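Q: got a predicted model here, sequence first, then my questions.
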Amino acid sequence: MGSFDLTTEDYSLNYDDDDDYNFTTDPSAFFGKELCEASPEQERNITIVQTTAFLVVFVLGVIGNGLVIATFALYRRLRLRCMTDVFLFFLALSDMLLLLTLPLQTVETLIGSWEFGEPMCKLNRGMYAINTYSGLLLLACISIDRYLVVVCTRSMRKRSSGTLFYSVLSALSIAVISIMFSLPDLSFSSVDNVLNSNLSSCDMKVSEVKWKLWAQIAKIAGFCIPCITMIVCYGAIGHVLIHTGGKGWRRQRTLWLMALLVVLFLLFQLPYTVVLLIKISTPTPTLCSDWTTLHIMEIVTRNLAYVRCCLNPLLYALVGVRFRNDIIRLLTDAGCVCKCVSQKAPHLGNGSSITPSSPAPTTLTHIPSTYQPGKNTSAPDTPAANTAQTFFFPTPVSGKVTSVISWCHQII
Amino acid sequence: MEFRSSCLLLLVCFTIIILTDNKGAAIPTCCLSVLRRIPKRVLRSVRTYEVQDTSGHCEIKALILHFKGKKICAHPKLERFLKKMLKHKPKKP
């Protein structure tokens, strides 16, 4: 009987020192039973990739979302009277707050330890979670709002007087839902020593397995709800646009733009959700290589989800001509001379290169406009006409009062 | 000017990255399975051990035995025996 058997209660201590014991020379003795650690090369590669991604996303995201927030604050304060404008403002604010959590995570990645204390740990992870959920839910609300404008035009007109109230109420509801989804992160985040080292780590410490499971389910729900909503709403809008007939370039552009919104959302958010589903539905891997691969996939896909935060300004705000005019005006008022503006304009054009057929801004006369507006005809009051007013940059007809709905929703 | 400052910023950041000796664990360090039977002679050579629990990223409870430069994952029920053995073990000068 040379082995310790868990069933026996005999803890007799035998202190015969057998220095000739060659147990360690047997390579298969501890196969699969050693501590699973990533190699230093893997750690260094992860650090480099993660830090570089954080820096790029942070710089681009702060610039893009900052421009959107500044434009709303300076030029659209009196025009926050329709749903999409309010949602776009809160989306930019939410993405900005999410990006502000990246510097602390970058420092933690570089140093390898969390040095900012437990209150900052909870705050950083809480802000990350809350703004992740609110950003996703705001994207869903934007698609719902566009659906209402295009498909349910009559009911939309009835609500036009109370639009601001409903949009603020929706935004507050999103904030409450996001905070509820983030309660596990807020409650269980703490600073603890990393196993087998003196370094600290800011992580969730959950004593009951069910809370860990609920946190992962909340992340998956936080993705599935906006995803289904966007596919349904933009699908319905596309259906209406296709069946109103015509092959105008603006209708094609809108269809391509909506498809692009859904595809990019799936591209950047779906991989992380798939990895979480794999972690939940499959048993814990027993091989060290499988464990390492799974966590590398989680890190890569989570960083991929950050990229959405710096794409949102391009996809949702800067797509509108009116918004680009406001941003050019902002840059002009900030001290840039006309030459700077003329240099900036192509850059903004590159920002919306996803729509190459987009007309140039028409309010700046010194920028040549390649878009020739067609003849103005009084269109019948049909969903197609309202669709054109919402999505296709209409030219106001003299003598016709532009409705609040069409004016508010010219941003796309 | 803007492009130059951006390149300079990236260069500084890459320098910081390269100079930093990363010791953190981006990938969790965990036992994935445990030994249930260990020879007593191996247990006597254990210098120290750690306890892994399931509150963090790890999925199972385990003891991590530091044994001749290796870290062996053992069943957590061995902790009581290890405490006794380490308590009575004579210190080697």
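A: Everything's here; your move.
Q: for residue 82, give me the pLDDT.
A: No chain was given, so I picked chain A. Looking at A:C82, its pLDDT is 67.
Q: nope, chain B please
A: B:L82 carries a pLDDT value of 78.
Q: how near is it to A:E298?
A: 33 Å (C-beta to C-beta, to the nearest Å). For the C-beta atoms, the positions are set from N, CA and C on the backbone; glycine is no exception.
Q: quick one: low-confidence ranges for chain B?
A: For chain B, the stretches flagged by pLDDT under 70 are B:1-26, B:36-37, B:41, B:47, B:87-93.
Q: how about the helices in it?
A: Taking DSSP state H as the criterion, chain B contains helices spanning B:2-19, B:40-44, B:78-88.
Q: what packs against the shortest one?
A: Contact here means 3 or more C-beta pairs under 8 Å, 6 or more residues apart in numbering or on different chains; DSSP states H and E; on that basis helix B:40-44 packs against strand A:3-4, helix B:78-88.
Q: where does the stretch 101-250 of chain A get nearest to chain B, which residue?
A: Nearest to chain B in the stretch 101-250 of chain A, going by C-beta to the nearest C-beta, is A:G112, at a distance of 2.6 Å.
Q: so what's the backbone phi/psi at that residue?
A: Here is the backbone geometry of A:G112 (degrees, to the nearest 10): phi 80, psi 10.
Q: list the buried ones in stretch A:42-54?
A: For stretch A:42-54, the neighbour count (16 or more other C-beta atoms under 10 Å in any protein chain shown) marks A:43-44, A:46-48, A:50-54 as buried.
Q: repeat that for stretch A:256-266.
A: A:257-258, A:261-262, A:264-265.
Q: do stretch A:100-118 as well
A: In stretch A:100-118, counting by 16+ other C-beta under 10 Å, buried: A:100-102, A:104-114.
Q: any chance you could map the strands in chain A?
A: Taking DSSP state E as the criterion, chain A contains strands spanning A:3-4, A:189-193, A:200-204.
Q: could you tell me the least trusted of those strands?
A: When the strands of chain A are ranked by mean pLDDT, strand A:3-4 comes last with a mean of 42.
Q: ok, B:F67 touching B:T48?
A: No: applying C-beta atoms under 8 Å, one finds B:F67 not in contact with B:T48, separated by 9.8 Å.
Q: okay, those two: which has more neighbours?
A: B:F67 (21 against 10; other C-beta atoms under 10 Å in any protein chain shown).
Q: so which residues of chain A form helices?
A: Using DSSP H, helices in chain A cover A:40-75, A:83-99, A:102-111, A:117-151, A:153-158, A:163-188, A:209-243, A:249-281, A:288-312, A:321-333, A:338-351, A:383-391, A:404-408.
Q: okay, those helices, which one's buried deepest?
A: Across the helices of chain A, averaging neighbours per residue (mean count of other C-beta atoms under 10 Å in any protein chain shown) puts helix A:83-99 on top, at a mean of 24.
Q: who are the packing partners of that helix?
A: helix A:40-75, helix A:117-151, helix A:163-188, helix A:288-312.
Q: distance to B:L63 and mean pLDDT for the ones you listed - can I get that in JSON lines?
A: Shown next, in JSON lines, are the helices and strands packed on helix A:83-99 (distance: least, C-beta to C-beta, whole Å; pLDDT from 0 to 100):
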{"stretch": "helix A:40-75", "distance to B:L63": "25", "mean pLDDT": "83"}
{"stretch": "helix A:117-151", "distance to B:L63": "27", "mean pLDDT": "87"}
{"stretch": "helix A:163-188", "distance to B:L63": "24", "mean pLDDT": "83"}
{"stretch": "helix A:288-312", "distance to B:L63": "18", "mean pLDDT": "84"}
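Q: make CSV out of the ones you listed and add distance to chain B.
A: Output for the helices and strands packed on helix A:83-99, formatted as CSV (distance: least, C-beta to the nearest C-beta, whole Å):
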stretch, distance to chain B
helix A:40-75, 5
helix A:117-151, 13
helix A:163-188, 9
helix A:288-312, 4
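Q: quick revisit: okay, the strands of chain A, which one's buried deepest?
A: Among these, highest average neighbours (mean count of other C-beta under 10 Å) belong to strand A:200-204, with a mean of 21.
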